[in-house]
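Novice: Build me a model from this:
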Amino acid sequence: METQKLLKPVGKTVIVSDFREKEVIEHLKKLGAVVNEQPLEVADHICSERVAIERKTYDDLVSSIIDGRIFEQASALKENFEKPIILIEGYSNREISENALKGAIASLLIDFGISLLSTRNAYDTAKTIFWIAQKEQKESKFGISIKVGKKPKDVKRLQEFILSSIPGLSTVLARRLLEEFGSIERVVTAEERELKKIEGIGEKLAKNIKKILTEKY
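Specialist: This next block holds a predicted model:
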């Protein structure tokens, strides 16, 4: 893993932000931060050598839980930073089952050691990032650096993990579903009759899978 140390102007709070985070970056600059904009492979905002933040709107959080992307990102954050944070911005009516949402949150907190924060909007997000960076750099006296590491590629394991969190669905059955349908998204949209074609999945389990994945929150 390669680490790039950055020089920090005296008395200034420096934040490294992915260049695509334009709205938040503008707010950070207005708050007085010096923003180093560049393409980031891991995280959206880096506050110190140990703290990095992945920003997600609520809609993106739901999508990333469904397709398993959230756990790939969590692995990358944990691998590269001592204190990773996922910041969830806003709220929407995007539907996801309570079991899937709570299960994902529990996994992020316990399995990956990720801290979760919620904010109202982009300005609230910027203020949160700014104060975290300021505390790290001025009070805790941690410098700022960019750790360039590879994202974990074991997506298949994460996909199996998501499906096997459904009661009655073992890792073996989760693997059979993924081999048959190709993605978690296709499992979610599959009919009960299609699910029952998988060896080891009977009518009762098929109904339970469909209910958990599609029932309104």
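
Novice: okay, CA-based contacts and neighbour counts for the rest of this
Specialist: Fine.

Novice: Domain ranges for the protein, per the record?
Specialist: Using automatic domain parsing, the domain ranges for the chain come out as 11-148, 155-214.

Novice: now do the same end-to-end measure for the shortest one.
Specialist: To tie it back to what came earlier, the one meant is domain 155-214. Using Cα to Cα, to the nearest Å, one end of domain 155-214 lies 23 Å from the other.

Novice: that older thread, most neighbours per residue, which of the domains of the chain?
Specialist: domain 11-148 (a mean of 18; mean count of other Cα atoms under 10 Å).

Novice: For that one, the averaged confidence score.
Specialist: Averaged across domain 11-148, pLDDT comes to 90.

Novice: can you give me the helices for the protein?
Specialist: Ranges of helices in the chain, per DSSP state H, are 22-30, 58-67, 69-80, 98-110, 122-134, 155-164, 171-181, 184-189, 192-195, 203-214.

Novice: Could you dump the ones you listed into TSV with distance to I46 added?
Specialist: Converted to TSV, these look like this (distance: least, Cα to Cα, whole Å):
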stretch	distance to I46
helix 22-30	12
helix 58-67	20
helix 69-80	11
helix 98-110	19
helix 122-134	8
helix 155-164	24
helix 171-181	35
helix 184-189	30
helix 192-195	43
helix 203-214	34
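
Novice: Ok, which of those helices comes nearest V14?
Specialist: helix 122-134 (7.4 Å; Cα to Cα).

Novice: Tell me the gap between stretch 33-41 and the middle of its chain.
Specialist: The gap between where stretch 33-41 is centred and where its chain is centred comes out at 19 Å by Cα atoms, centre = their mean, to the nearest Å.

Novice: end to end, how far does it reach?
Specialist: Where stretch 33-41 begins and where it ends lie 22 Å apart, using Cα to Cα.

Novice: The residue sitting nearest the centre point of the chain - nearest residue in space that isn't next to it in sequence?
Specialist: Centroid check for the chain by Cα atoms, centre = their mean gives I70 as the closest residue, at 3.7 Å. Spatially, and ignoring its direct neighbours in sequence, I70 is nearest to S64 (4.9 Å; Cα to Cα, 6 or more residues apart in numbering).
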